[in-house]
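# Provided below for reference: sequence and predicted model.
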Amino acid sequence: MKKLINDPENVAVEMLEGLLLAHSDQLRSVRSDNRALVRAEAPVEGKVGIATGGGSGHLPLFLGYVGKGMLDGVAVGDIFASPSSQQMLDVTRAINGGKGVLYIYGNYGGDVMNFDMAMELADLEGIQVERVVATDDVASM
């Protein structure tokens, strides 16, 4: 057995609730829907904040990279759906330690659109954001 699913409609919601309960010493949510998670000690003053995000999909991959010495925050979308620009902006605000924020995300249509929109909204608030768009195969270039 790999997992227990109470209700397929609530998989992502329950996954995030469980993760926060299990690791409240390392992570905290900055939204009531738990779709924007950051390191418990974020923001770290004088550090460039580093964030990523993506859909919940086949694994909660992006969540596993948030922690000391790694990423500062993550925006979590639904199953195979990009997080919204507002979710990413909430992560950006929460991890901005005064030196700006770096987004690292995949070259998928929804991610590109929503991360770029969050980047523009952050700029309007005076938060400098740079990005690295990763491609994982020839098809995503």
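Yep, that arrived.

# What is the neighbour count of the closest residue to residue 48 other than its chain neighbours?
With CB to CB, 6 or more residues apart in numbering as the criterion, residue 48 has its nearest non-adjacent residue at 4.7 Å, and that residue is residue 99. Every residue, glycine included, has its C-beta placed from N, CA and C. Residue 99: 14 surrounding residues under other CB atoms under 10 Å.

# List of residues touching whichever strand or helix holds residue 52?
Using DSSP states H and E, residue 52 maps to strand 49-54. Residues from elsewhere that reach strand 49-54 (CB atoms under 8 Å, 6 or more residues apart in numbering): 42-43, 61-62, 65, 70-77, 82-83, 87-88, 91-92, 95-97, 99-106, 108, 111, 115.

# Where does pLDDT dip in this protein?
Scanning the chain with the threshold set as pLDDT under 70 gives 1, 58-60, 137-141.

# So in it, which helix runs the longest?
Taking DSSP state H as the criterion, the chain has its longest helix at helix 109-124.

# Dig out what the residue nearest to the spatial centre of the chain forms beta bridges with.
Centroid-nearest residue in the chain: residue 74, 1.8 Å away (criterion: CA atoms, centre = their mean). The residues listed as beta-bridge partners of residue 74 by DSSP bridges are residue 37, residue 52.

# Quick check: closest non-adjacent residue to residue 89.
Nearest to residue 89 is residue 118, by CB to CB, 6+ apart, at 4.5 Å.

# again but with residue 53, I slipped
residue 75 (3.4 Å).

# Report the contact partners of the one you found.
Taking CB under 8 Å, 6+ apart as the test, what residue 75 contacts is 35, 36, 51, 52, 53, 83, 84, 87, 88, 90, 91.

# Thank you kindly, that will do.
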